[in-house]
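A.B. asks: Predicted model and sequence below, questions to follow.
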Amino acid sequence: VGTRRPRAVVEMERRAEERRRVRDSRREWHQARDEQRRAEAEACKEALRNAEIEERRQRARERQQQRRSEQRREALRAVEVAQQRVRERQAIEFWILHRFVDVWCALRQAVINAEERWLLALTQRRRLLLSECYAIWKHHFRWYKAA
């Protein structure tokens with residue numbers, strides 16, 4: 001059983017085994033490198049997807065802020081319009097009040113003037129009655145003296 005194999009055959013088998021080991025290690029290295037590249041590509045794709053999602057979220061936040069800002073502006077404008085209406089209503093009520101005061105003052109003055117004329121008329125009537133009474137008394141006194 002001791003057949004010895006020729007040295008050249010053993011050397012060839014050793015070289016073939018060495019080439020097989022080198023080929024297997026290179027295949028493993030290439031497979032590892034391909035897997036690493038695939039993993040990097042997948043990570044890039046995932047990063048891009050995440051970036052797109054974040055960008056969409058950011059745009060949605062910006063739109064939301066813009067809507068809120070617009071709503072705030074509209075609310076402020078509505079408040080300004082309401083305040084303007086209140087001021088206008090108050091101005092009209094103030095004007096109406098002063099018109100009432102003016103009318104009341106005019107009516108009061110008319111009543112005062114009427115009362116003054118009434119008193120003047122009463123004074124003149126009294127003077128007339130007194131002068132007529134005095135004239136009658138004078139006439140009567142003269143007639144009584146003369147008689």
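C.D. replies: It's in. In this text, all values refer to a predicted model and were calculated from it rather than measured experimentally. Numbers count the residues shown, from 1 in each chain.

A.B. asks: quick one: low-confidence parts of the protein?
C.D. replies: 1-2 (pLDDT under 70).

A.B. asks: where do the helices sit along it?
C.D. replies: 7-146 (DSSP state H).

A.B. asks: So for stretch 88-102, what gets flagged as buried?
C.D. replies: Residues of stretch 88-102 include none that count as buried (16 or more other CB atoms under 10 Å). Where C-beta positions appear, they are placed from N, C-alpha and C, glycine not excepted.

A.B. asks: cool, and stretch 18-33?
C.D. replies: In stretch 18-33, counting by 16+ other CB under 10 Å, buried: nothing.

A.B. asks: Give me the distance between it and the centre of its chain.
C.D. replies: 71 Å (CA atoms, centre = their mean, to the nearest Å).

A.B. asks: Could you write out the alpha-carbon coordinates of that stretch in CSV?
C.D. replies: Coordinates of each C-alpha in stretch 18-33 appear next as CSV, following Å, rounded to 0.1, in the frame of the first residue of the first chain:
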residue,chain,number,x,y,z
GLU,A,18,-3.6,26.3,-3.7
ARG,A,19,-5.3,27.7,-6.8
ARG,A,20,-8.6,26.4,-5.6
ARG,A,21,-8.0,28.0,-2.1
VAL,A,22,-7.1,31.3,-3.8
ARG,A,23,-10.0,31.1,-6.2
ASP,A,24,-12.4,30.4,-3.2
SER,A,25,-10.9,33.2,-1.1
ARG,A,26,-11.2,35.6,-4.1
ARG,A,27,-14.8,34.4,-4.7
GLU,A,28,-15.6,35.0,-1.0
TRP,A,29,-13.9,38.4,-1.1
HIS,A,30,-15.9,39.4,-4.2
GLN,A,31,-19.1,38.1,-2.7
ALA,A,32,-18.4,40.1,0.5
ARG,A,33,-17.6,43.2,-1.5
